[in-house]
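Chemist: just coords:
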């Protein structure tokens, strides 16, 4: 609900109230708790959401869950604006709107760090990599649920923009853009911009480019790890220098952290690293609104945070609710904008003008929606993601051996 320089009245109503920073933080904290409490409940109901294996790297799943949750904190307060509904009670001004935006940016950057960590660690630890198998697993992991989400978005768009007035031939020509992982421009069909539902897909295009670059990194690392590290660091500096909106650079701290992930650290070192992580998190948010969400300062802060987390491996991130959230994080990431749009859109069409909602009623509806997203994402993981992540023979073998966890790779 970001509107700048609004000084208007609606009928006899009082002027629009700017939502203060304190209330904005309270709203975000409430939505965050709705997600985590729902995932805590679901983790008890469905134990396989918290796999028992890979205990040493469970914090990574927890961090992935944390990142997905804070990305949703960016989009939930903006849902009324996304519906193109004029808020009539409260709104986020250009300053306070940067609070949820920083949450969203930081969540995406942590996702990139995790990707850099996991896949670089594979490169430096394995003598040989079956790249055909690697890409087949990536396709099974990423494509099916995205295609389902894209189809879901077409249904929502058709409902919201009904009646269909655009020519069928033009619609058919535009549809590939919906399924193209943002490699093609996100289309506008029947005057409906699909960025409103699938805007998060821009990060998937970046991750696919990273996957395609991995064989080159692999070849370079096998020839000289030191030269590869130097090249990675130089690349990050150049990328940040050329563009303040660089996203590629956030793979770098993850890649560098892979060299310490397998090392064992004393309790004292891990404790110090925990304090450094907290300090880095404070630095990230201490000047919210006064600094860009991307750029060198943010990159340094996130790099310190992620490296410190890799060393400290905090138990908090290994909690059931975070790990369960991490398990379903991909579905949650893809679907949360659509479910928000659908719930608030239906409420606006069939119940009341959502622009008239008080902050209390808005928070309750958004909180209920976040709980619903958690349930839908869990169902998506179980019935779509998990079925494609492993070959049927692998699943059968695990069940025979008594392992039904089907851990997310």
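Modeler: Okay, I see it. All values reported here derive from a predicted model rather than from experimental measurement.

Chemist: pLDDT score assigned to the closest residue to residue 28 other than its chain neighbours?
Modeler: Nearest residue to residue 28 in three dimensions, chain neighbours excluded: residue 73, at 4.8 Å (Cβ to Cβ, 6 or more residues apart in numbering). For every residue, glycine as well, the C-beta is placed using N, CA and C. pLDDT recorded at residue 73 is 95.

Chemist: Over to the one 10 residues further on?
Modeler: The predicted structure scores residue 83 at 95 on the pLDDT scale.

Chemist: and what of residue 370?
Modeler: 98.

Chemist: so it makes contact with residue 31?
Modeler: Yes - between residue 370 and residue 31 there is a contact under Cβ atoms under 8 Å: 5.3 Å.

Chemist: Need the residues touching each of the two.
Modeler: The contact sets of residue 370 and residue 31 overlap at 72, 76 (Cβ atoms under 8 Å, 6 or more residues apart in numbering).

Chemist: Compare those two (neighbour count), which wins?
Modeler: Neighbours were counted for residue 370 and for residue 31 using other Cβ atoms under 10 Å; residue 370 has more, 27 against 23.

Chemist: Please report the distance of the nearest residue to that one once chain neighbours are set aside from residue 314.
Modeler: Closest residue to residue 370 apart from its sequence neighbours, by Cβ to Cβ, 6+ apart: residue 34 at 4.4 Å. Per Cβ to Cβ, to the nearest Å, residue 34 is found 23 Å from residue 314.

Chemist: The two: which is more packed in?
Modeler: More crowded of residue 34 and residue 314, by other Cβ under 10 Å: residue 34, with 24 against 18.

Chemist: give the contact list for residue 300.
Modeler: Applying Cβ under 8 Å, 6+ apart, no residues qualify as near residue 300.

Chemist: and the gap between it and residue 110?
Modeler: In terms of Cβ to Cβ, residue 300 sits 15 Å off from residue 110.

Chemist: for residue 316, same thing?
Modeler: 15 Å.

Chemist: again, but for residue 370
Modeler: Counting by Cβ to Cβ, the gap from residue 370 to residue 110 is 19 Å.

Chemist: Likewise for residue 338?
Modeler: Taking Cβ to Cβ as the measure, residue 338 falls 22 Å from residue 110.

Chemist: again, but for residue 204
Modeler: Distance of residue 204 to residue 110, computed by Cβ to Cβ: 16 Å.

Chemist: which one of the two has more residues nearby?
Modeler: The residue with more neighbours, out of residue 204 and residue 110, is residue 110; 24 against 20, by other Cβ under 10 Å.

Chemist: tell me which element that one falls in.
Modeler: Residue 110 is located in helix 98-125, with elements delineated by DSSP states H and E.

Chemist: So for that helix, what gets flagged as buried?
Modeler: Within helix 98-125, the residues that count as buried by 16 or more other Cβ atoms under 10 Å are 98-121, 123-124.

Chemist: residue ranges of the strands in the stretch 1-150 of the chain, please?
Modeler: With strands called from DSSP state E, counting those that start in this stretch, the stretch 1-150 of the chain shows them at 17-18, 90-91.

Chemist: how about these in JSON lines, adding mean neighbour count and mean pLDDT?
Modeler: Output for those, formatted as JSON lines (neighbours: other Cβ atoms under 10 Å; pLDDT from 0 to 100):
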{"stretch": "strand 17-18", "mean neighbour count": "14", "mean pLDDT": "90"}
{"stretch": "strand 90-91", "mean neighbour count": "20", "mean pLDDT": "91"}
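
Chemist: For residue 66, find the nearest of those.
Modeler: Judged by Cβ to Cβ, the one of the strands of the stretch 1-150 of the chain that comes nearest to residue 66 is strand 90-91, at 27.6 Å.

Chemist: now that closest one, how far from the centre of its chain.
Modeler: In this view, strand 90-91 has its centroid 25 Å away from the chain centroid, taken as Cα atoms, centre = their mean, to the nearest Å.

Chemist: Run through the neighbouring helices and strands of it.
Modeler: Judged by 3 or more Cβ pairs under 8 Å, 6 or more residues apart in numbering; DSSP states H and E, the packing partners of strand 90-91 are strand 17-18.

Chemist: in its sheet, what does the strand it packs on sit against?
Modeler: Applying DSSP bridges, strand 17-18 is found paired with strand 90-91 (parallel).

Chemist: Residue 18 contacts residue 87, correct?
Modeler: No - Residue 18 lies out of contact with residue 87 (Cβ under 8 Å); the separation is 10.6 Å.
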